[in-house]
Structure formats: structure tokens, C-alpha cells
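> This is a predicted model, with the sequence first.
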Number of protein chains: 2
Amino acid sequence: MKKYKKTDLESYTLGTTLTLELLNKKIEYVKRIYISSKQDKNETYNKILEICQDNNIEVIYSDKIINSLSDKDNCYVIGVFQKFSLEIDNSKNHIVLVNPSNMGNLGTIIRSSVGFGINDLVIIKPAVDIFDPKVIRSSMGAIFNIRFMYFDSFDDYKNSLPKREFYPFMLKAKTNLKDITSIDNYSLIFGNEGSGLPDSFLDVGTPLIIRHTKNIDSLNLDNAVSIALFEFTKNNF
Amino acid sequence: MKKYKKTDLESYTLGTTLTLELLNKKIEYVKRIYISSKQDKNETYNKILEICQDNNIEVIYSDKIINSLSDKDNCYVIGVFQKFSLEIDNSKNHIVLVNPSNMGNLGTIIRSSVGFGINDLVIIKPAVDIFDPKVIRSSMGAIFNIRFMYFDSFDDYKNSLPKREFYPFMLKAKTNLKDITSIDNYSLIFGNEGSGLPDSFLDVGTPLIIRHTKNIDSLNLDNAVSIALFEFTKNNF
């Protein structure tokens, strides 16, 4: 078992709680579990063993493999799973990330998205690999709750859909996020961490801005997405 | 010049743009500037040299020092400054972080806070060091826009103040953030990334919850703070 590469057919969860989340949500894709000798024999550990036994999942005790896959000292359980693909649901609301490049941000965005009940994620390439163990860890397991699809371009995504409302978030937009009365069947669209969305998105749907002082250039991407999610979904909570 | 330690009297900015921000906002504390031979002779570089010349700030060309202070390959300018302390303004609104432990989060929270016009930050110990170069970098220079103070306990902070509105953010709170009509002179209070605020804060001011689905345990701290900032300040933007 070697360190994760994008071209691998398998990926893995780094950590005890994260691995339990994998087993609870996506057991059909789990291949095997590695456990370190340092793992406490606690409730989570017992639960993991029980699920593996009930489902004939191989459990391997190997400090060597744990150490070779994890950069952190406090990772004692690793769950290996086959990468999967789940078609997004076009009757639901979507988050669309155009060229996201930061793995930590992507994971945190997935966590917030699941938190606010949007479980369909579209990623426009080029983009970071959603199955990288760093993304999985930073999502705190929320990745196992979502459907997601990669598209080569925004037009490919747009052309695959029946009519819906597009809201690109841009610093050049004229409409303030707070003035939107949210409707259903929408896509909230965000650009790359460094460059944002290209100007061509000014002609897509209703571009929105989260206004802020001039003392910062922009909000951090995952913070902007979280604010948008809160504002669009707040009548549901 | 050695790698940063919490006990040092000086800290530094890692990066060209960040160093220019330091020079623009806190020049009175700048001690000297290091520049790598790899730095392009571009507009930002010229601006830095000009400011240093006008203000008699020493500029040292040293790849060795740059390499010893920075973990990243793409850092070509470092600005060394004396750590400073600026009393928070009790007539303004505050962000209060109780025991924050993650440097990246702290920096991002400062960025969002400045973005929404709250420039006074209170940190309750034990807590991460706001002058760590990682916090400074993650704030994208927003740290040079704020006043901040550390307190040994929340009571010490509370007792130092005239009357104001406290809003602790807690999963056990009953009042929904979206139902608050924001008033002025408030403190938004957030707990540690892992453990949140202790239950004792249920008796402090008006505890608030950002409601979300049961599919996540909690929002990432900087996302929760950003949502709260947006909601409390949105009538100003």
C-alpha cells in the first residue's frame, strides 16, 4: 500500500472517527481497514471491529502501513475504499466550484454544504482531486454524504441541465446577496481561491456580491461559500 | 535571525504582498526587510524599496536568511517587525475567541472580521499566538488593521467593560442567529475549534445557534464566525 496518487482507484480515510463515518455511510465501497497498535480499545474501535466483522471487511493490524500513509502521529486507523461516483440530482440545489485549487478549502466547503442541506456538488476542471485524503479529512467525513460530478467546462454542466437559477458570486456583481429572496432549484457558483470567477460569468444568471470593507481584497473561499449557504437556506432551519 | 518563537519580541511577514501590507499599515514597528535574489524587480518590489528608503528602513539581500525563516519555496521577501499591542476600543463591537487553537483559523477569522468592519479582537487564554508568522500569513495582512488584547479569563474581559450585549455561539443555544435584530455595542463569542464554549456560557447574554442538519457535528470555526459577522453587520453593507 503506497501513498495516495490521483490516478489510484482507491483512496483512504486517515483517522478513527473518519473511518467510522466511512463505514457508516459508504460501506459498499470499503476494501479493508488498517489499525495501529497505538489505537485505544475504546467504543469507536469496538464499533469499527463490529461493523467489519458483520460485513466481512478485512482488518489488518500494521503500524508500518499506518506510518507510511499518514503524515500525522495521531492517526491510528485507516480505511481503504474504492473511489465512487454518484450522479448529481438535478431536482436539487447545487454548489458549483469553478477551478478550486486548495484541498483544505474543498473539504471545509463540503462540510458546510452538508451542514446546510445542499448535498450536490459540481466541480469544473481543472480542479483539485476530491478523493485526496487531505480533502476527505478536512471534510470531517461530510464527503460521504454528497453526490458530486466533475465537468470539463461550465458550459458542459449548464447544457446538461433543465432550466434553473444560476447565482455566480463575483466582486464585480451588482446585486447584494442580502437582497435575494431565495427560490428553489438554484446553483451557487464560486471561482478559484486566487482569481475568482472570470468576467464571462457576469452574463450568467444573477451575479451576487457579498459586500465587505475595502480593508480586505476578498473573503476566504470557504467563508464566502458558507455565508452564501446560510443566506440561501436559512428559511429551512 | 532564527525561526519564530512565541517568546520573541519580533515577528515577521512571509511574502512580498504581505510585507507591503505591513509597511503600509504598521511602518512604525518595522525593523528591517530581507529580500531574496529570486524576487522579481516588479512594481511591488519597487514600492517596498521606495518606502524603505523614505523611512530609513534597512534592506538586506540574503537568500540564506529567507530560506531559514520560510518553509515555502515561493517566499522572496520577509519583513521583520517589533510585536505591538493596541488597546481594544470598548465603544466598538468585538469578536471574542475563547481558547482558539488553530493558527490558520485565527488568521482567516481576522480577515473576515476586518472584511465586515469589526476591528477589535479579544482572545481568552490559553490560546494560539496571534504573532506567529502562520497566523499573519493566513490573515493576508488583515492583522495589521486590528486592535487586539489577550485576557486570562472571560470574566477578566467582562469585568473590564461597561455594559454591552454578549452573544455566545453554542450548539446548545435556543435562539436562532437569523432571528436576532442586531443592535450596536455587542461581543460575538466563539469557543475552541474542538470543544466549543463551555456550558457556563449559557448564562452569558443571549446564546445563539447557527442551525444546521444533523449530518455534520458542527461548522468549521472560521465559517461559523464569518456567518455570524455577515448576519450581524449586513445592514452596514
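Structure received.

> Could you break chain A into its assigned domains?
Chain A breaks down into these domains under automatic domain parsing: A:10-82, A:94-236.

> and the first one, how far apart are its ends?
End-to-end distance for domain A:10-82, by C-alpha to C-alpha, to the nearest Å: 4 Å.

> mind listing the strands for chain A?
Counting by DSSP state E, chain A has strands at residues A:10-14, A:30-35, A:58-61, A:77-82, A:94-98, A:120-124, A:147-151, A:165-168, A:175-176, A:186-190, A:208-209.

> and of these, who's closest to chain B?
Of all the strands of chain A, it is strand A:175-176 that lies closest to chain B, at 7.1 Å by C-beta to the nearest C-beta. Any C-beta I mention is one placed from the backbone N, CA and C, and that applies to glycine too.

> for that closest one, packing partners?
On a contact count with 3 or more C-beta pairs under 8 Å, 6 or more residues apart in numbering or on different chains; DSSP states H and E, strand A:175-176 meets strand A:208-209.

> what about A:Met1, neighbour count?
16 (other C-beta atoms under 10 Å in any protein chain shown).

> now, of the domains of chain A, which is deepest in the fold?
domain A:94-236 (a mean of 19; mean count of other C-beta atoms under 10 Å in any protein chain shown).

> now do the same end-to-end measure for it.
End-to-end for domain A:94-236, by C-alpha to C-alpha: 16 Å.

> cool, stretch A:141-157 as well?
For stretch A:141-157, the first-to-last residue distance is 26 Å (C-alpha to C-alpha).

> what's the answer for stretch A:64-81, then?
19 Å.

> which residues touch that stretch?
Contact with stretch A:64-81 is made by A:1-4, A:10-16, A:18-19, A:22-23, A:26, A:29-36, A:38-40, A:45, A:48, A:133, as judged by C-beta atoms under 8 Å, 6 or more residues apart in numbering or on different chains.

> need the residues of chain A near chain B, please.
Taking C-beta under 8 Å from any C-beta of the partner chain as the contact definition, chain A meets chain B at A:104, A:108, A:111-112, A:114-117, A:140, A:142, A:145, A:176, A:178, A:210-213, A:215-217, A:219-220, A:222-224, A:226-227, A:230-231, A:234, A:237.

> switch the cut-off to 7 Å
A:108, A:111-112, A:114-117, A:140, A:142, A:145, A:178, A:210-213, A:215-216, A:219-220, A:222-223, A:226-227, A:230, A:234, A:237 (C-beta under 7 Å from any C-beta of the partner chain).

> circling back: could the domains of chain A go into TSV alongside mean pLDDT and distance to B:Pro198?
Formatted as TSV, those follow (pLDDT from 0 to 100; distance: least, C-beta to C-beta, whole Å):
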stretch	mean pLDDT	distance to B:Pro198
domain A:10-82	96	22
domain A:94-236	96	22
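
> who wins for proximity to B:Lys83 among those?
Across those, B:Lys83 has its closest neighbour in domain A:94-236 (21.0 Å, C-beta to C-beta).

> Distance from the chain centre to the closest one, please.
In terms of C-alpha atoms, centre = their mean, to the nearest Å, the centre of domain A:94-236 is found 11 Å from the chain centre.

> tell me the contacts of the one residue sitting closest to the centre of chain A?
For chain A, the residue nearest the mean C-alpha position is A:Ile110 (3.4 Å; C-alpha atoms, centre = their mean). A:Ile110 makes contact with A:121, A:139, A:142-143, A:146, according to C-beta atoms under 7 Å, 6 or more residues apart in numbering or on different chains.

> sorry, back to before: pipe the strands of chain A into CSV and attach distance to B:Asp71 per row.
Shown next, in CSV, are these (distance: least, C-beta to C-beta, whole Å):
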stretch, distance to B:Asp71
strand A:10-14, 21
strand A:30-35, 29
strand A:58-61, 34
strand A:77-82, 26
strand A:94-98, 27
strand A:120-124, 29
strand A:147-151, 31
strand A:165-168, 35
strand A:175-176, 39
strand A:186-190, 28
strand A:208-209, 35
